[in-house]
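Visitor: this is a predicted model, with the sequence first.
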Amino acid sequence: MNENFPQENFRSSVSSISKKSYSPKFKRQKHWLLKSWRYWYLRLIRLRGHPAEIARGLAVGIFAGSFPIFGFQIIFGVLLAIIVRGNKFAAAAGTWVSNPLTSVPIFAFNYQIGKLILGWDNSTVTQNIFDRNWQSFMELGSVFLTKLFIGSLAVGTIGAIATYFISLQLLTGSRAISSRRHNKKYKRNVGTSGNDRLAIANGIRDIQN
């Protein structure tokens, strides 16, 4: 077996990814995703509801988005939001943590975390595959999925906890700033109206005199 085969595969994969990153299609996808993220961000900031409710929804959305269940991440996130009494829109937004640009590195990282947690050695199974042992091929598939699931569970849990506390602080802080700005504007308007009324009263008094 050629020992350089994995390295050649890795180099060709990196080369194809780098070429893809400069393609017009990739740039269009990146532009669309950036617009989507901006949309979700603005909607989250403007959501009505208690900050804790929104933070819970966003946290379970991040958790659901950590699993490779394409097409069902939003459904999974919304169901979790119902269970924890979180904001369903925030949960749907949180699942966008995995998207066409980030899904591959996220799930590759999750797999490595699962591999680190379980510590399974599948070198024997891999060798049996090259020996055309189809049972070992099925075993390798189950081992891969198990590592990916465990890694996604660990990363999703940590990400959800961190997202809850960070988003709760950000939402509470942004609303406090917005409230202070609104109060200053209100006081300024009230003060201006009071001065106008005083000027009108003085003008009437001067006319009468």
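Guide: Now that the structure is in, tell me what you want to look at.
Visitor: now the strands for the protein?
Guide: Using DSSP state E, no strands are found in the chain.
Visitor: and for G151, the neighbour number?
Guide: For G151, the neighbour count with other Cβ atoms under 10 Å is 23. Glycine gets a C-beta too; all of them are placed from N, C-alpha and C.
Visitor: gap between the closest residue in space to it that isn't next to it in sequence and I161?
Guide: Excluding the flanking residues, the one nearest G151 by Cβ to Cβ, 6 or more residues apart in numbering is G114, at 2.9 Å. G114 sits 18 Å away from I161, going by Cβ to Cβ, to the nearest Å.
Visitor: for P100, same thing?
Guide: Distance from P100 to I161, by Cβ to Cβ: 26 Å.
Visitor: follow-up on the earlier one: between G114 and I161, which has more neighbouring residues?
Guide: G114 (23 against 13).
Visitor: related to what we said a few turns ago, just confirm the residue nearest to G151 contacts G156, I think it does.
Guide: No - using Cβ atoms under 8 Å, G114 makes no contact with G156, being 11.5 Å away.
Visitor: T95 contacts G61, correct?
Guide: Yes - T95 lies in contact with G61 (Cβ under 8 Å); the separation is 4.9 Å.
Visitor: residues in contact with G61?
Guide: Shown in contact with G61 (Cβ atoms under 8 Å, 6 or more residues apart in numbering): G77, L80, A81, A90, A91, A92, A93, G94, T95, W96, V97.
Visitor: pLDDT weak spots in the chain?
Guide: Scanning the chain for pLDDT under 70 picks out 1-46, 121-140, 182, 184-209.
Visitor: make it 90
Guide: For the chain, applying pLDDT under 90 flags the ranges 1-50, 70-71, 96, 99-103, 118-145, 170-209.
Visitor: do a quick rundown of the helices in it.
Guide: Ranges of helices in the chain, per DSSP state H, are 5-21, 24-45, 51-65, 73-84, 88-94, 103-118, 123-130, 134-208.
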